[in-house]
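Asker: predicted model and sequence follow; I will ask about them next.
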Amino acid sequence: MDNDLPQALAWAEWLGRHAVPVLAAALVLVLIAVAAFVIGFRRYSPYAAWDRWPRPVLLGVCLALGAGVLVATASLFAEMLEVFDADEEIGQFDVRLTETLARELSPAALRFFGNLTHLGDPLPLTLLVIGVGVLLLVRRQTSTALGWVVACAGAGLLNRVLKHIFERVRPLHEHGFAQADGYSFPSGHTSGSLVVYGMLAYLCLRLLPPRWHLPSVLLASALAFSIGWSRVILQVHWASDVVAGFAFGAAWLTLCIAAIEITRRRSRV
């Protein structure tokens, strides 16, 4: 690991100096990958055959998928617990990247990401959860409304628990374009945005005409990705906090969607 440390720090310096174009290029690649997945899934998925699967088989597949994602996420968190000390490679990478961003970013870039990051604040996400929940109840989609609320609220509660388990201190951020307090790991803006906007995309796939499916998923992906990495740009989170936020959010989102799909199919039998 010691031999890899200078290279990791050099990468941190390079990423810090080119953060905005790198983030833009990464966003484009993510959207291309998501579009390809959605189009391929719609064309080649055996989704229509799922209804013919025996319920125990379907239940086992969904539970195995959710459990696998959760185990992988738990393993990642356990590894990070050991190595994000400031004397370890990940810790030094985080510190060097944050220091470079603080030195290199312009006020205009910080202002832009400071405005963007508010789309992942607790208040707008909470209002969105309440509004969509009420709309689902009006449409008499009671079980879907319950799944929506449990998924979104559960992500927030579990994130709080994880923060108090790890108790990681945030980086210093004195530029005035964003304020954050409390513990740092994992990033609540990242996991919350991924779960809420991801669940919203799932509802769009379920309830809207097909022409809205791809735009909905692309918009949700762009928001979750951009909000998550805005926390690093604004230096209110370490990069590993955001990676962990994406991992936790993806695990919880997968488990919740699997549970909703199981419930929905059981109710139709």
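Answerer: Now that the structure is in, tell me what you want to look at. These numbers come from a predicted model, not from an experiment. Numbering: from 1, shown residues only.

Asker: okay, now the unreliable bits of this protein?
Answerer: When residues are selected by pLDDT under 70, those of the chain lie in 1-4, 44-67, 69-71, 73-88, 176, 265-269.

Asker: using the three-state scheme, assign residue 241.
Answerer: helix (DSSP: H, G, I helix; E, B strand; the rest coil).

Asker: what segments of the stretch 1-150 of the chain are helices?
Answerer: Per DSSP state H, counting those that start in this stretch, the stretch 1-150 of the chain carries helices over the ranges 5-17, 19-44, 47-50, 55-83, 89-104, 107-116, 122-138, 142-166.

Asker: next, the buried residues of the first one.
Answerer: Buried residues in helix 5-17, counted by 16 or more other CB atoms under 10 Å: 8, 9, 12, 13, 15, 16. (C-beta placed from N, C-alpha, C; glycine too.)

Asker: and the fourth one, what does it touch?
Answerer: Applying CB atoms under 8 Å, 6 or more residues apart in numbering to residue 13 gives the contacts 96, 100.

Asker: tell me how far it lies from residue 235.
Answerer: 15 Å (CB to CB, to the nearest Å).

Asker: again with the last one
Answerer: Distance of residue 16 to residue 235, computed by CB to CB: 10 Å.

Asker: same check on the second one?
Answerer: In this structure, residue 9 and residue 235 are separated by 17 Å, where distance is defined by CB to CB.

Asker: please apply the same query to the third one.
Answerer: Look at residue 12 and residue 235: by CB to CB, they are 13 Å apart.

Asker: for residue 96, same thing?
Answerer: 12 Å.

Asker: more crowded one of those two?
Answerer: residue 235 (23 against 18; other CB atoms under 10 Å).

Asker: let me see the contact set for that one.
Answerer: Counted by CB under 8 Å, 6+ apart, residue 235 has contacts 98, 101, 102, 171, 172, 173, 175, 178.

Asker: which one of these is nearest residue 128?
Answerer: Comparing these against residue 128 with CB to CB places residue 178 closest, at 20.4 Å.

Asker: OK, contacts around that closest one?
Answerer: With CB under 8 Å, 6+ apart, residue 178 has these contacts: 110, 113, 114, 117, 234, 235, 236.

Asker: could you find the closest non-adjacent residue to the third one?
Answerer: Using CB to CB, 6 or more residues apart in numbering and skipping the chain neighbours, the partner closest in space to residue 114 is residue 177 (3.7 Å).

Asker: just say helix, strand or coil for that neighbour.
Answerer: Once three-state DSSP is applied, residue 177 turns out coil.

Asker: that one - how many residues pack around it?
Answerer: Neighbours around residue 177, by other CB under 10 Å: 19.

Asker: what's the answer for the one 10 residues further on, then?
Answerer: Applying other CB under 10 Å, we find 32 residues neighbouring residue 187.

Asker: just to check, it is in contact with residue 229?
Answerer: No - assessed by CB atoms under 8 Å, residue 187 is found out of contact with residue 229, at 9.7 Å.

Asker: quick check: neighbours shared by the two?
Answerer: Residues within reach of residue 187 and of residue 229 at once, by CB under 8 Å, 6+ apart, are residue 242.

Asker: phi, psi of residue 178?
Answerer: Here is the backbone geometry of residue 178 (degrees, to the nearest 10): phi -160, psi 150.
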